[in-house]
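> any chance you could fold what I've pasted below:
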Amino acid sequence: MEFVERKRTLFLGLPICFTKYCINEEKINIKSGFLNIVEDDAYMYKIQDVRLKRKFFERILGISTVICYTGDVTHPELVMEHIKNGEAIKDFIMSASEQARIKRRTLHTMDINGNFDDDDDDKLDG
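Next up is the predicted model:
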């Protein structure tokens, strides 16, 4: 499955968009610019969290903004502004990033309960 979206921007009522978002199971690609083109990629396994934002005017127009928080050095936040199908894209990114982490075995788990035996405490002290 792949999503291809464009940033929806209006100037004097005419749609202009110079940003294209391609989202698939492996990575997110953001290509922006008209004369100078900048292309950013982030692999799905690096995405840690996803946020969906809808401002008042975005809700009226049926668009939204999806923000991906990544462990990437060059782009800790990938912002996909003014896109349609924002909710479906957010859900897709969440599940695809989880599957990519499992596939690469980069899933980080931690014992939240903290159940230690008395013997384990002795090992930690000495």
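> drop to CA atoms for contacts and neighbour counts, all remaining ones
OK.
> tell me which stretches of the chain form helices.
56-61, 86-104, 118-125 (DSSP state H).
> looking at these, which is closest to Glu26?
Set against Glu26 and scored by C-alpha to C-alpha, those come closest in helix 86-104, at 7.2 Å.
> got the buried residues for the closest one?
In terms of neighbour count (16 or more other C-alpha atoms under 10 Å), helix 86-104 has its buried residues at 86-87, 89-90, 92-94, 96-101.
> what of stretch 71-85?
Buried positions in stretch 71-85, judged by neighbour count with 16+ other C-alpha under 10 Å: Gly71, Glu77, Leu78, Val79, Met80, Glu81, His82, Ile83, Lys84.
> just the ones of those residues in strands?
Taking DSSP state E as the definition of strands, the buried residues of stretch 71-85 contribute Glu77, Leu78, Val79, Met80, Glu81, His82, Ile83.
> dig out what the first one forms beta bridges with.
Under DSSP bridges, the beta-bridge partners of Glu77 are Tyr69.
> from memory it sits against Val66, does it?
No. Taking C-alpha atoms under 8 Å as the definition, Glu77 is not a contact partner of Val66, at 10.1 Å.
> need the buried residues of stretch 71-85 in TSV with pLDDT, can you?
As requested, the buried residues of stretch 71-85 are exported to TSV (pLDDT from 0 to 100):
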residue	pLDDT
Gly71	83
Glu77	89
Leu78	88
Val79	90
Met80	90
Glu81	89
His82	87
Ile83	88
Lys84	88
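> which of the helices of the chain has the lowest mean pLDDT?
Ranked by mean pLDDT, the helices of the chain bottom out at helix 118-125, with a mean of 51.
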